[in-house]
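Asks: turn this into a structure:
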Amino acid sequence: MSENFKDIFSELRRKMISEQLISRGIEDKRVLEVMGKVPREEFVAPGERARSYFDGPLPIGNGQTISQPYIVAYMTEMLELTGSENILELGTGSGYQTAVLAEIAEEISTIEFIPDLADRSEKLLTKKLGYTNIRFKTGNGAEGWSEYAPFKRIIVTAAPEKFPESLFDQLEDGGMIIAPVGGFYQNLIRYKKINDEIIQTGLIAVSFVPLIV
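Replies: From the prediction side, this is the model:
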């Protein structure tokens, strides 16, 4: 990529931070710093690069999308990360949310159902961008990844009509899950596990592709 393009994307990231994130109430300094660092243009389809920092979702192929920057920032902020977390991500997709998490948390275990997307995101995140704290799996995210459980945080980036409650068993006590839930109408839900009891809180209305199981 030429230096001119790098400068253009860098400026677009700065505008995204101020006009899409800070203006809507994103306050976590680590989230803002990371969103200003991760090159979103690397995660979109080649024909969409000019719209990499568009204020909305973009197609990434296979009927899937990369989420709106604000939603990525909001979900990350709602996870209340300290930097020491092991996180389970269901729905790797393009790998953009994965990269944002990997910049803050200690370890990410990410699962993608669609082999083509799983392969592309793994190559991008490890070989091109050099992340070493991410492990990858192709399979049914609703089953979780018991081998590496319990997790401090779980994030779901596609919407199940009903949350797969078996995942609560893979969440450590004191841990948290952020997930979109619903069919045509969806809400972002935060689940906290306190003394082995699940406390559910509704956050905002959202629109995600369905979770494939």
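
Asks: for stretch 71-87, buried residues please.
Replies: 71-79, 81, 85-87 (16 or more other C-beta atoms under 10 Å). Backbone N, C-alpha and C define where each C-beta goes, glycine included.

Asks: can you pull out the helices in the protein?
Replies: 3-16, 29-35, 69-78, 96-104, 115-122 (DSSP state H).

Asks: residue 170 is nearest to which of those?
Replies: helix 96-104 (16.7 Å; C-beta to C-beta).

Asks: identify the residues contacting the closest one?
Replies: With C-beta atoms under 8 Å, 6 or more residues apart in numbering as the contact definition, helix 96-104 has outside contacts at 30-31, 34-35, 37-38, 40, 43, 66-67, 72-73, 75-76, 79, 81, 83, 87, 89, 92, 108, 110, 121, 125, 129, 131, 133-134, 155, 157.

Asks: ok, of these, which come out buried?
Replies: Applying 16+ other C-beta under 10 Å to the contacts of helix 96-104 flags 31, 34-35, 38, 40, 43, 66-67, 72-73, 75-76, 79, 81, 87, 89, 92, 108, 110, 121, 125, 129, 131, 134, 155, 157 as buried.

Asks: how close does the residue nearest the centre of the chain get to residue 162?
Replies: Using C-alpha atoms, centre = their mean, the residue of the chain that lies closest to the mean C-alpha position is residue 97, 3.1 Å off. To residue 162, residue 97 is 22 Å away according to C-beta to C-beta, to the nearest Å.

Asks: what does residue 181 give?
Replies: In terms of C-beta to C-beta, residue 181 sits 7 Å off from residue 162.

Asks: who's more crowded, those two?
Replies: Shown here are residue 181 and residue 162; by other C-beta atoms under 10 Å, residue 181 has more neighbours (20 against 8).

Asks: that one pairs with what?
Replies: The partner list for residue 181 in beta bridges (DSSP bridges) reads residue 187.

Asks: quick one, what contacts the closest residue to residue 106 other than its chain neighbours?
Replies: Distances taken as C-beta to C-beta, 6 or more residues apart in numbering place residue 84 nearest to residue 106, at 5.5 Å, with adjacent residues excluded. Residues in contact with residue 84 (C-beta under 8 Å, 6+ apart) are 105-106, 152.

Asks: residue 15 now?
Replies: Counted by C-beta under 8 Å, 6+ apart, residue 15 has contacts residue 53.

Asks: flag the shaky bits of this protein, pLDDT-wise.
Replies: Across the chain, the ranges flagged by pLDDT under 70 are 1-4, 213.

Asks: neighbours of residue 150, just the number please.
Replies: Counted with other C-beta under 10 Å, residues neighbouring residue 150 total 16.

Asks: hmm, it is touching residue 172, no?
Replies: Yes - applying C-beta atoms under 8 Å as the test, residue 150 and residue 172 come out as touching, 3.7 Å apart.

Asks: got the end-to-end distance for stretch 126-139?
Replies: Taking C-alpha to C-alpha, to the nearest Å, stretch 126-139 runs 19 Å from one end to the other.

Asks: and stretch 76-91, by the same measure?
Replies: 15 Å.

Asks: and the residue nearest to residue 106, how far from residue 107?
Replies: In this view, residue 84 and residue 107 are 9 Å apart by C-beta to C-beta.
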